[in-house]
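K.L.:
Structure for the following, please:
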Amino acid sequence: MSEQHGDVEATERQWREAAGREDLVLLDGFHALKHALRFGADVRLAVAEEPEAVRGLARELAPDVEADVARLVRQAPLKGLLARVHPTGVVALAVRPDRAEGRARLDSRRRAAPIVVLDNPRNLGNVGAVVRLAAGFGATGVVTRGDLDPWHPNVVRAGAGLHYATTVDRVELGTLPPGPLYALDPEGEDIRSLTLPDDALLAFGSERHGISSELLARADHLVSLPMRPQVSSYNLATSVAMALFHWGGPRPDEWSADRPVD
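P.N.:
Now for the predicted structure:
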């Protein structure tokens, strides 16, 4: 057995042993790996069919994490490890952020940006898209109610690894973070007439059923988005984007000049 072949087998074995751990998060594809590294994820293992090609992607698209990618990526046959291989040909495992630390950020009374509340969402891809939006706008976090796991691999994939750029958790009605609750509802006040405070909770209903009655009962404000008559609804991520844009988004002085944003 050659030394290289032995290394590949060792990498496969290490992956299989680690893949089932609940404290590790699957990062599927180069962009998920790139963003996780940029925002401080503890990446334990990255595997690629062609490590040199992945290093080339890092040189071209993310030179700020090129050294980390080069250090982490190892060769192994992905088709034997995954049901579906990402077109960029790389997958990684990273430590899930400490939940208690994330909860402390959500519960802070001095939040500088809203929290997005998703009430019983059903579509994994939509939740990932919302996480990506929240990270881009600098929201404090995204919390979900219901049985959907916001750290499901498909959510992390759709979020392009940006779970590490914000706080993502699942909550119950009684454990919502503090702050005024603004519930998006067609019968609410036009959002254009309101100023959304930095510590707001912005609540959005499920794609089909809207916000639950129990969460509506907790709302401090009902808010509607402008919509042409006879158009039934917006996509969940679109609604979140409109609300966060109205809030204001990241301010240039809050971000260092050398921080990557793509």
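K.L.:
Where does the prediction get shaky in the stretch 151-262 of the chain?
P.N.:
207, 252-262 (pLDDT under 70).
K.L.:
please redo it, this time with the cut-off set to 50
P.N.:
Scanning the stretch 151-262 of the chain for pLDDT under 50 picks out 257-258, 260-261.
K.L.:
Could you pull out the helices in it for me?
P.N.:
Applying DSSP state H, counting those that start in this stretch to the stretch 151-262 of the chain gives helices spanning 153-158, 213-218, 236-247.
K.L.:
buried ones in the first one?
P.N.:
Of the residues in helix 153-158, those buried under the neighbour-count criterion (16 or more other C-beta atoms under 10 Å) are 153, 155-158. C-beta here means a position set from N, CA and C on the backbone, and glycine is covered the same way.
K.L.:
For the nearest residue to residue 183 once chain neighbours are set aside, which residues are in contact?
P.N.:
Leaving aside its sequence neighbours, residue 183 sits nearest to residue 219 (C-beta to C-beta, 6 or more residues apart in numbering; 3.8 Å). By C-beta atoms under 8 Å, 6 or more residues apart in numbering, the contact set of residue 219 is 181-183, 185, 203, 211.
K.L.:
Mind checking which of those are in strands?
P.N.:
Among the contacts of residue 219, the members found in strands (DSSP state E) are 181-183, 185, 203.
K.L.:
Max pairwise distance over these: which two?
P.N.:
Using C-beta to C-beta, the two most remote members of the ones in strands among the contacts of residue 219 are 181 and 185, lying 11.6 Å apart.
K.L.:
Let me see the ranges of the strands in the chain.
P.N.:
24-28, 43-48, 73-75, 90-95, 115-119, 141-145, 167-170, 181-190, 201-204, 221-224.
K.L.:
Among the ones you listed, which comes closest to residue 64?
P.N.:
Comparison of the strands of the chain against residue 64 by C-beta to C-beta identifies strand 43-48 as nearest, at 14.6 Å.
K.L.:
Check what contacts that closest one and list those residues.
P.N.:
11, 14-15, 18, 24, 27, 33, 36-37, 54, 68-69, 72-76, 78, 81, 89-95.
K.L.:
Same check on stretch 181-191?
P.N.:
With C-beta under 8 Å, 6+ apart as the test, stretch 181-191 has contacts from 117, 194, 196, 200-205, 210-211, 215-216, 218-227, 239, 242-243, 246.
K.L.:
what does stretch 194-212 give?
P.N.:
Stretch 194-212 is touched from outside by 109, 111-123, 126, 145-146, 176-185, 215, 219, 221, 223, 235-236, 239-240, 243-244, 246-248, with contacts defined as C-beta under 8 Å, 6+ apart.
K.L.:
how far is that stretch from where the chain is centred?
P.N.:
Averaging C-alpha positions (C-alpha atoms, centre = their mean, to the nearest Å) puts stretch 194-212 17 Å from its chain's average.
K.L.:
what about it, start to end distance?
P.N.:
23 Å (C-alpha to C-alpha, to the nearest Å).
K.L.:
Could you do stretch 42-54 as well?
P.N.:
End-to-end span of stretch 42-54 (C-alpha to C-alpha): 19 Å.
K.L.:
Mind listing what's buried along that stretch?
P.N.:
43-48, 51, 54.
K.L.:
can I get those in TSV with distance to residue 139 and pLDDT?
P.N.:
Formatted as TSV, the buried residues of stretch 42-54 follow (distance: C-beta to C-beta, whole Å; pLDDT from 0 to 100):
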residue	distance to residue 139	pLDDT
43	24	97
44	27	95
45	30	95
46	28	96
47	32	96
48	32	95
51	35	95
54	30	96
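K.L.:
Distance of residue 194 relative to residue 243?
P.N.:
Distance of residue 194 to residue 243, given as C-beta to C-beta, to the nearest Å: 10 Å.
K.L.:
Likewise for residue 9?
P.N.:
50 Å.
K.L.:
Now do the same contact list for residue 225.
P.N.:
For residue 225, the contact set (C-beta under 8 Å, 6+ apart) comprises 184, 191, 234, 239, 242-243.
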